[in-house]
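Asker: For reference, the sequence and a predicted model appear below.
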Amino acid sequence: MATQGGGGDTAPVTKRPAPDQKIDSLLPDKSLSKDELKKKRRMLKNRQSASLSRRRKKEYLESLEQKTQALHMENEEFRLQLANLSRADSQIGASTSSFLLERENNVFKEKIRKLEYENQQLKKQLLDSKEKRILDSNEITQASAGGAPHLGSLEFLLQAVDHVDRADGKVPIAAGKVP
């Protein structure tokens, strides 16, 4: 029990009254002076207000602690997800780069195949051209030597006419071909 000052009167007063109790019910009998009664009412209201304020503050702090704990847990979950995604991304990146390299390699292999084919075709054309020149030069040589010409060749005929025209002193038909 606490004693209340003010003229030496002692009255039992609870330290923390419940907020739903009425102030008048907490006051002792009405034998106190008006000023003392106002002072006691004000003190009780202040105690109730302080108690209510402390309770609200405590509840607020508890809710903040719960939110903090929940956010820490959520943050930890996000860190785990990030780590898993990073691992998956590095695996995908490795497989993607491997896939891209393999794809690029296949493209280059196809280009090599095409170039090799073109090279073979050019070699054939070159050989055919050389063979044709050899045959043509043999036919011209045979024609000038009086040998048996290969009559199936139009080019042979043009060259033979060209050779004959030169021998007669006339302008050759196929200009630029010298036997």
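Answerer: That came in fine, so what should we check first? Only a predicted model underlies this, so the values are computations on that prediction, with no experimental measurement involved. Numbers count the residues shown, from 1 in each chain.
Asker: Mind telling me what element L101 is part of?
Answerer: helix 34-145 (DSSP states H and E).
Asker: and L32, what element?
Answerer: Judged by DSSP H and E, L32 forms part of no helix or strand.
Asker: Q81 versus that one, what's the distance?
Answerer: Here L32 is placed at a distance of 68 Å from Q81 (C-beta to C-beta, to the nearest Å). For every residue, glycine as well, the C-beta is placed using N, CA and C.
Asker: And the pLDDT for K45?
Answerer: Note on K45: pLDDT of 94.
Asker: That one: neighbouring residues, count only.
Answerer: 11 (other C-beta atoms under 10 Å).
Asker: before we move on, back to that, compare L32 and Q81 (neighbour count), which wins?
Answerer: Neighbours per residue, other C-beta under 10 Å: of L32 and Q81, the larger number sits with L32, 18 against 10.
Asker: Surely the more buried one is in contact with K38?
Answerer: No. Judged on C-beta atoms under 8 Å, L32 makes no contact with K38 at a distance of 9.5 Å.
Asker: Would you check that K40 makes contact with K34?
Answerer: No. K40 is beyond contact range of K34, at 10.9 Å (criterion: C-beta under 8 Å).
Asker: These two - which one has more neighbours?
Answerer: K40 (19 against 8).
Asker: how much space between that one and L71?
Answerer: For K40 relative to L71 (C-beta to C-beta), the value is 46 Å.
Asker: S51 too?
Answerer: 30 Å.
Asker: Okay, now the unreliable bits of this structure?
Answerer: 1-30, 140-179 (pLDDT under 70).
Asker: Apply 80 and report the result again.
Answerer: Where the chain drops to pLDDT under 80, the residues are 1-32, 91-97, 130, 132-179.
Asker: S137 - how many residues pack around it?
Answerer: Counted with other C-beta under 10 Å, S137 comes out at 12.
Asker: again but with F99, I slipped
Answerer: Other residues close to F99 by other C-beta under 10 Å number 11.
Asker: One more: the one 4 residues further on?
Answerer: Number of residues near R103 (other C-beta under 10 Å) recorded here: 10.
Asker: Identify the residues contacting it.
Answerer: Contact analysis of R103 by C-beta atoms under 8 Å, 6 or more residues apart in numbering lists nothing.
Asker: Use 55 as the first number for this chain going forward.
Answerer: Done: numbering now begins at 55, and the last item shifts to R157.
Asker: Can you tell me how far it is from N129?
Answerer: 40 Å.
Asker: Kindly report the same for Y171.
Answerer: Taking C-beta to C-beta, one finds Y171 at 62 Å from N129.
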